[in-house]
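Enquirer: Okay, structure incoming, though there's no sequence with it:
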Ligand code: PLP
């Protein structure tokens, strides 16, 4: 009955989601406190109280027909203008409402942009390790993801491999910083290198290659690390943003797409992406949430809670002899599998009811992702279980 295209997805459902569902079964069997589920990037800190207050205020103070109504497919003009002005204040950009489309999260922002840009067979480069939903998003428009391997000593892109991966079919390149799953933040020098390569290589393409900055984790950085604003380095950059993590609102589905004036064929691209929002069936980003976002633009969730989690987990695992780099942002730690087969490592963890996701699910075999957006106590309770795994693999304690 189902379409050929869906058969592959049904057979190989997301490794993250599968692990998450297994976690729920184990929790029912052994009790939630005895299962160490680190599978899903679901925020563990609540939305700031101002967000809940803003929901109440919008409902009480704004015109009820207006707040639940349809609006332009790009979103409310005043909300888009407010988003643009907030970006200008923070990053010295020059956006206005015409550069912003409100979307149902970053996922939808990426989708409408790809819908606007891709022809069947077009290639989209992603730097491994990367969020595997890119494969399905690109596949939605019959494109193909080309993965570029990382330098695993830093988890920065291997720039020579990147340059070599670009072909006349390359339509776009995804950058995701702070990164899911490695937690690295690309410094300005890396973004400038990517921009330089794109400028040089675009010369062999019929039109400029597009840079897509996927930024759901922009606000989640630790120790004052700066996340450079990517449109400053390359004109054909679109930014996909989300409030899923920054305001802990993943279920509310709200974010936006930015396309700067300088972007090649700007007017057509923004019109096509707006229409894509409609024809996707989303029509527009959720109305109530747009109104709430306008009142919460300068807020973020309790990032310090994630930083405490990161420190406990990183120090704990390093102390047990595991290898990993210290994440500077997002809420993931990417650990080197002590087993040549990362699925063997995942199984050894699962035996101790630790649920993590194998690196292959991020196009980076030999590693595993630990999502530390969990209660602090879960990490405390999980460390002895991690110690048993370390012992199984004979890792030396530091
Ligand atoms: N991009 C990355 C790298 C993500 O990790 C996620 C979600 O986890 C998304 C995009 C999608 O986020 P949203 O909930 O805003 O659609």
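Expert: Structure's in. What do you need? Model, not experiment: these values are computed from the prediction.
Enquirer: Kindly report the residues of the stretch 201-350 of the chain close to the ligand.
Expert: 214, 216, 242, 244, 250, 255 (C-beta under 6 Å from any ligand atom). Where C-beta positions appear, they are placed from N, C-alpha and C, glycine not excepted.
Enquirer: For those, name the two members farthest from one another.
Expert: Largest separation among these by C-beta to C-beta: 214 and 250, giving 14.8 Å.
Enquirer: With neighbour numbers in mind, choose between these two.
Expert: residue 214 (28 against 18; other C-beta atoms under 10 Å).
Enquirer: so what pLDDT did the nearest residue to the more buried one once chain neighbours are set aside get?
Expert: The shortest distance from residue 214 to any non-neighbouring residue, by C-beta to C-beta, 6 or more residues apart in numbering, is to residue 176 (4.4 Å). Looking at residue 176, its pLDDT is 98.
Enquirer: Pull the number of nearby residues for residue 176.
Expert: Residue 176 has 25 neighbours, counted by other C-beta under 10 Å.
Enquirer: just residue 123 next, same as before
Expert: Quick note: residue 123 (other C-beta under 10 Å) scores 20 neighbours.
Enquirer: quick one: it and residue 173 touch, right?
Expert: No - checked against C-beta atoms under 8 Å, the pair residue 123 and residue 173 is beyond contact range at 9.6 Å.
Enquirer: what's near enough to touch the residue nearest to residue 214?
Expert: The contact partners of residue 176, by C-beta atoms under 8 Å, 6 or more residues apart in numbering, come to 127, 130-131, 213-215, 217.
Enquirer: Look up phi and psi at residue 150.
Expert: phi -90, psi 170 (degrees, to the nearest 10).
Enquirer: what's the closest non-adjacent residue to it?
Expert: Residue 150 sits nearest to residue 128 (C-beta to C-beta, 6+ apart), 5.6 Å away.
Enquirer: So what's the residue count around the one you found?
Expert: Per other C-beta under 10 Å, the neighbour tally for residue 128 reads 21.
Enquirer: Next one, pLDDT for it please.
Expert: Residue 128 carries a pLDDT value of 98.
Enquirer: got the contact list for it?
Expert: Counting by C-beta under 8 Å, 6+ apart, residue 128 has contacts 147-150, 362-364.
Enquirer: Now do the worst-scoring helix or strand of the chain on mean pLDDT: everything it contacts.
Expert: When each helix and strand of the chain is scored by mean pLDDT, DSSP states H and E, helix 15-30 comes last, with a mean of 78. Contacts with helix 15-30, where a contact means C-beta under 8 Å, 6+ apart, come from 35, 37, 39-41, 132, 350, 353, 355-358, 360-361.
Enquirer: Next, see if that helix gets close to the ligand.
Expert: No - counting by C-beta under 6 Å from any ligand atom, the ligand has no neighbours in helix 15-30; the shortest distance is 8.6 Å.
Enquirer: My guess is residue 46 contacts residue 248. True?
Expert: Yes - the pair residue 46 and residue 248 passes the contact test of C-beta under 8 Å, sitting 6.0 Å apart.
Enquirer: Look up how far residue 174 lies from the residue in the stretch 201-350 of the chain positioned nearest to the ligand.
Expert: In the stretch 201-350 of the chain, the residue that lies nearest the ligand is residue 242 (3.0 Å; C-beta to the nearest ligand atom). Between residue 242 and residue 174 the computed distance is 14 Å (C-beta to C-beta, to the nearest Å).
Enquirer: Which one's more surrounded, those two?
Expert: residue 242 (26 against 22).
Enquirer: list the contacts for that one?
Expert: Residues near residue 242 by C-beta under 8 Å, 6+ apart: 105-107, 109, 215-216, 254-255.
Enquirer: Kindly reformat those as JSON lines containing neighbour count, pLDDT and secondary structure.
Expert: What follows is these, written out as JSON lines (neighbours: other C-beta atoms under 10 Å; pLDDT from 0 to 100; DSSP: H, G, I helix; E, B strand; the rest coil):
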{"residue": "105", "neighbour count": "27", "pLDDT": "98", "secondary structure": "helix"}
{"residue": "106", "neighbour count": "26", "pLDDT": "98", "secondary structure": "helix"}
{"residue": "107", "neighbour count": "20", "pLDDT": "98", "secondary structure": "helix"}
{"residue": "109", "neighbour count": "29", "pLDDT": "98", "secondary structure": "helix"}
{"residue": "215", "neighbour count": "24", "pLDDT": "98", "secondary structure": "strand"}
{"residue": "216", "neighbour count": "25", "pLDDT": "98", "secondary structure": "coil"}
{"residue": "254", "neighbour count": "27", "pLDDT": "98", "secondary structure": "coil"}
{"residue": "255", "neighbour count": "28", "pLDDT": "98", "secondary structure": "strand"}
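Enquirer: Provide a list of residue ranges in the stretch 1-150 of the chain with pLDDT below threshold.
Expert: When residues are selected by pLDDT under 70, those of the stretch 1-150 of the chain lie in 14-16.
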